[in-house]
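Undergrad: The following comprises the amino acid sequence and a computationally predicted model.
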Amino acid sequence: MPMQIENPRLIEALSQLDQLTNWEQRPRGEMRVGLEPILDLSARLGDPHRAFRSIHVAGTKGKSSTSALLEASLRHAGISVGRYASPHVEHISERISVNGWPVEEGVLAEALFLALDALRAARAEATAAETATWFDMLTVAAFLIFRDAGIAWAVVETGLGGRLDSTNIVNSDVSIITNIGLEHTEILGKTRAAIAFEKAGIIKPHSTVVTPLEADDEAGAVIARRAVEIKARLTRPDLSKASTIASRNVAVAGAALDVLGELGVTAREGEAVGAWLIDAQAERDSHLPGRLERFVVPAEGKAVAVMLDGAHVPFNLEAVLDDLSGMEGFSGPGIAVVAIAADKDAAGLLDVMKRYGVSPIFTSVSNRFRSPAELQMLAGAIGLASEVIEDPQAAYERALERAAEVDAWVILTGSLYLAGLLRQHVMEQEMKSLSGRR
């Protein structure tokens, strides 16, 4: 289960934030976005986003892992660094880290209360921040925390899209667009080119954008054109030897670090930062919950490989399943425990599962998600056999039981929220198994 918040001040601050519009918890088709509210909030708080330099990261797949790699590498170089990410898996403090550590609950609470004070002032004066959303408030709180911690660099991940995302008030030296797939089409557009236009909105004039997308790709062409329009430099990482999600993320993050070195950013020894900073330790330190997270748990006397990955876009899930095919323990049939939010492409996700021979067990996590019965009907329409088990933990236990019977593996996917619900249980199973072998 998600970790409980212990600090009473943070509980109160989040209770007040929960009265605001939270597009992570509402149908995205109704969404209205814009920068005016957060610009007003930030101005009332002294424009904290101007207190540090930043790398801005957008993309359909890999933006969180790429951001974490950059954070770990800069920290190893002796540079004070913050990272802002979304969503969280188990605890809200995962979204804001300072020098590799999740923000303390008390620090987050006080930053949120400052943001709430600014919101009340805006409401009294009827200015733009009176319509600030939950994400606006959390974003400006993160920037306050970074400013007060004295960080030199922030790695800032977009929430949704880029051009009108709350994070886009940062004046980034480097922007990264990891890739473009069809996601949030009701907000960002129906084509990869339209989505690329939104994500390319994070590129700042005379800065550098890093993307692996080529100019002959419809999305890559949009990014390249935008870079030319605003006199930004475009650089592409070498992906010739990058055959997995992890290796692609390393190549993209390494290219961004090389750019920082060219800008004169140095490590503690005075050497220019660069891709050389991404070593085995940085890769270990950048590991994130619910993203390609592998476990081995006992079931019916056998060891079953279990993967947690909150892939909720067909493009993402296909990349994950491609990677799994080369990992130990993930050959043969797969069984997926699945929850899919109402605004996601369920048909596309199920088509990927069918093509990869993955049998789903549909479960229920909140009323914001498609009902398991509806998902089973969609699966049946394409000839994909499935089960429905409403309780997530029972669904997971059933998946383990079936996996042990037919020498299969298990993946928990479709939602980071589902991964957060079950992650501690999976970890406990693996730890008990390990301790029993000693």
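TA: Arrived safely.
Undergrad: Gly380 contacts Ser386, doesn't it?
TA: Yes. Between Gly380 and Ser386 a contact is recorded at 7.4 Å, counting by C-beta atoms under 8 Å. Bear in mind the C-beta positions are built from the backbone N, C-alpha and C, glycine included.
Undergrad: Looking only at neighbour counts, state which of those two leads.
TA: Using other C-beta atoms under 10 Å as the criterion, Gly380 and Ser386 rank with Ser386 on top: 19 against 12.
Undergrad: Ala149 versus that one, what's the distance?
TA: Using C-beta to C-beta, to the nearest Å, Ser386 is found at 47 Å from Ala149.
Undergrad: cool, and Gly383?
TA: For Gly383 relative to Ala149 (C-beta to C-beta), the value is 54 Å.
Undergrad: who's more crowded, these two?
TA: Neighbour count, other C-beta under 10 Å: between Gly383 and Ala149, Ala149 has more, with 16 against 7.
Undergrad: Spit out the contact partners of that one.
TA: 80, 82, 98-99 (C-beta atoms under 8 Å, 6 or more residues apart in numbering).
Undergrad: try Ser386
TA: Per C-beta under 8 Å, 6+ apart, neighbours of Ser386: 359-362, 375-376, 379-380.
Undergrad: How about Phe52?
TA: Contacts of Phe52 by C-beta under 8 Å, 6+ apart are 82, 146-147, 151-154.
Undergrad: Next up, phi/psi of it, please.
TA: phi -150, psi 160 (degrees, to the nearest 10).
Undergrad: thinking again about what came up before, of the contacts of Phe52, which is the nearest to Val273?
TA: Trp153 (9.9 Å; C-beta to C-beta).
Undergrad: quick one: low-confidence parts of the stretch 101-250 of the chain?
TA: 182-189 (pLDDT under 70).
Undergrad: Tell me where it has helices.
TA: 105-125, 134-149, 185-188, 192-199, 218-229, 245-262 (DSSP state H, counting those that start in this stretch).
Undergrad: Tell me the buried residues within the contacts of Ala149.
TA: 80, 82, 98 (16 or more other C-beta atoms under 10 Å).
Undergrad: Mind checking which of these land in strands?
TA: 82, 98 (DSSP state E).
Undergrad: How many residues are close by Ala253?
TA: Count around Ala253 with other C-beta under 10 Å applied: 33.
Undergrad: what about it, distance to Ile195?
TA: 22 Å.
Undergrad: Test my guess that Ser247 contacts Pro237.
TA: No. Counting by C-beta under 8 Å, Ser247 does not reach Pro237; the two are 10.6 Å apart.
Undergrad: Name the residue in the two with the higher neighbour count.
TA: Per other C-beta under 10 Å, whichever of Ser247 and Pro237 has more neighbours is Pro237, with 21 against 13.
Undergrad: mind listing what that one touches?
TA: Here Pro237 is in contact with 210, 212, 251-252, 254-255 (C-beta under 8 Å, 6+ apart).
Undergrad: can you put those residues in CSV and add distance to Gln424?
TA: Converted to CSV, the contacts of Pro237 look like this (distance: C-beta to C-beta, whole Å):
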residue, distance to Gln424
Val210, 35
Pro212, 35
Ala251, 33
Val252, 31
Gly254, 33
Ala255, 36
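Undergrad: Would you write out the PyMOL command that picks the buried residues out of these?
TA: Per 16+ other C-beta under 10 Å, the buried members of the contacts of Pro237 correspond to this PyMOL selection:
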select buried, resi 210+212+251+252+254+255
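Undergrad: tell me which of the contacts of Pro237 is nearest to Val174?
TA: Val210 (6.5 Å).
Undergrad: Contacts only, for the closest one.
TA: Counting by C-beta under 8 Å, 6+ apart, Val210 has contacts 174-177, 234-237, 252, 255-256, 259.
Undergrad: Who does it form a beta bridge with?
TA: Ile176, Thr235 (DSSP bridges).
Undergrad: Got phi/psi on Ala408?
TA: Dihedral angles for Ala408 - degrees, to the nearest 10 - are phi -110, psi 180.
Undergrad: Just give me the residue right at the centre of the chain.
TA: The centroid of the chain falls nearest to Ser64 when counting by C-alpha atoms, centre = their mean (4.3 Å).
Undergrad: Of all the helices of the stretch 101-250 of the chain, which one is nearest Glu401?
TA: Nearest of those (C-beta to C-beta): helix 245-262, 29.0 Å.
Undergrad: residues shared between the contacts of Gly380 and Ser386?
TA: Common neighbours of Gly380 and Ser386 (C-beta under 8 Å, 6+ apart) do not exist.
Undergrad: quick one, domains of this protein?
TA: 8-285, 293-437 (automatic domain parsing).
Undergrad: where along the stretch 251-400 of the chain do the strands fall?
TA: Ranges of strands within the stretch 251-400 of the chain are 293-299, 302-308, 334-338, 358-362, 387-388, based on DSSP state E, counting those that start in this stretch.
Undergrad: Put together CSV for the ones you listed, with distance to Arg225 and mean neighbour count on each row.
TA: Shown next, in CSV, are these (distance: least, C-beta to C-beta, whole Å; neighbours: other C-beta atoms under 10 Å):
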stretch, distance to Arg225, mean neighbour count
strand 293-299, 37, 18
strand 302-308, 38, 21
strand 334-338, 38, 26
strand 358-362, 38, 24
strand 387-388, 47, 18
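Undergrad: any chance of the ones you listed in CSV, with distance to Ala319 and mean pLDDT too?
TA: Shown next, in CSV, are the strands of the stretch 251-400 of the chain (distance: least, C-beta to C-beta, whole Å; pLDDT from 0 to 100):
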stretch, distance to Ala319, mean pLDDT
strand 293-299, 15, 93
strand 302-308, 13, 94
strand 334-338, 15, 97
strand 358-362, 14, 97
strand 387-388, 25, 96
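Undergrad: So which residues of the stretch 301-438 of the chain form helices?
TA: Taking DSSP H, counting those that start in this stretch as the criterion, the stretch 301-438 of the chain carries its helices at 314-324, 346-355, 372-381, 392-406, 416-437.
Undergrad: closest one to Pro205 among those helices?
TA: Here helix 314-324 is closest among the helices of the stretch 301-438 of the chain (C-beta to C-beta), at 29.8 Å.
Undergrad: Return the distance of stretch 350-365 from the chain's centre.
TA: Centre-to-centre, stretch 350-365 and its host chain are 21 Å apart (C-alpha atoms, centre = their mean, to the nearest Å).
Undergrad: ok, now stretch 143-154?
TA: Worked out by C-alpha atoms, centre = their mean, stretch 143-154 lies 21 Å from the chain centre.
Undergrad: buried stuff in that stretch?
TA: Quick answer for stretch 143-154 (16+ other C-beta under 10 Å): 143-147, 149, 151, 153-154.
Undergrad: Please apply the same query to stretch 201-209.
TA: Quick answer for stretch 201-209 (16+ other C-beta under 10 Å): 201-204, 207-209.
Undergrad: can you give me the end-to-end distance of it?
TA: 11 Å (C-alpha to C-alpha, to the nearest Å).
Undergrad: Appreciated, that's everything.
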